Each structure stands twice: as C-alpha cells, then as structure tokens.
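Engineer: Sharing a model prediction with you, sequence too.
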Amino acid sequence: MLNATLHEHDLVDVVNLTLSPQLVGGIGQRMIESSVELTRKFDIEHAVSDGDCLFTRWTRRSEVAS
C-alpha cells in the first residue's frame, strides 16, 4: 500500500529492482497495487550482476514539454 500511495502522489523517482532466475507461480501482489491507473517511465541507470542475480537501478525519465 505504501508503494501505491507514493506512486499516486508522484513521489517515486528511483526504482531499485533485483532479478533472479526463478519462476514462482500462484496468486500474489504486484509491486504496486492501486485503484488508480498511472504510468511513469524510467530509464536504466546501471545494472550489476552477482552470481545468478541482476541488480538494476532505474531513474525517472524527465518529461519534456511539448
């Protein structure tokens, strides 16, 4: 719920995401569950691997006025 609230108030500028080579099935929550549908775009800042894991850092894409 905290992630959804921060996202809804446009307060997320950086996302750190770790990937590992596993598939897990079943019912589960998403990173952000919200009744409001919002899309924010991020660009990868860097990625580092350690063993089977990939650690990534994504920064919020600056919006350019049209």
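Structural biologist: On my side now, so go ahead.

Engineer: drop to CA atoms for contacts and neighbour counts, all remaining ones
Structural biologist: Noted.

Engineer: For residue 49, which residues are in contact?
Structural biologist: residue 55 (Cα atoms under 8 Å, 6 or more residues apart in numbering).

Engineer: Mind checking what secondary structure it has?
Structural biologist: Assigned with DSSP: H, G, I helix; E, B strand; the rest coil, residue 49 falls in the strand class.

Engineer: Could you report the separation of it from residue 19?
Structural biologist: Residue 49 sits at a distance of 9 Å from residue 19 (criterion: Cα to Cα, to the nearest Å).

Engineer: Please enumerate the helices of this structure.
Structural biologist: If DSSP state H is used as the criterion, the helices of the chain fall at 2-8.

Engineer: so where is it shaky, pLDDT-wise?
Structural biologist: Applying pLDDT under 70 to the chain picks out residues 64-66.

Engineer: ok so, going back, now do the shared contacts for residue 49 and residue 19.
Structural biologist: Contact criterion Cα under 8 Å, 6+ apart; residues shared by residue 49 and residue 19: residue 55.

Engineer: centroid residue for the protein?
Structural biologist: Here the mean C-alpha position of the chain is nearest to the C-alpha of residue 15 (Cα atoms, centre = their mean), at a distance of 4.8 Å.

Engineer: For that one, give me its contacts.
Structural biologist: 57, 58, 59.

Engineer: can you rerun that using 10 Å?
Structural biologist: Residues in contact with residue 15 (Cα atoms under 10 Å, 6 or more residues apart in numbering) are 42, 43, 44, 45, 56, 57, 58, 59, 60.

Engineer: from those residues, which is closest to residue 26?
Structural biologist: residue 56 (25.0 Å; Cα to Cα).

Engineer: follow-up on the earlier one: and the residue nearest to the centre of the chain, how close does it get to residue 49?
Structural biologist: In this structure, residue 15 and residue 49 are separated by 17 Å, where distance is defined by Cα to Cα.
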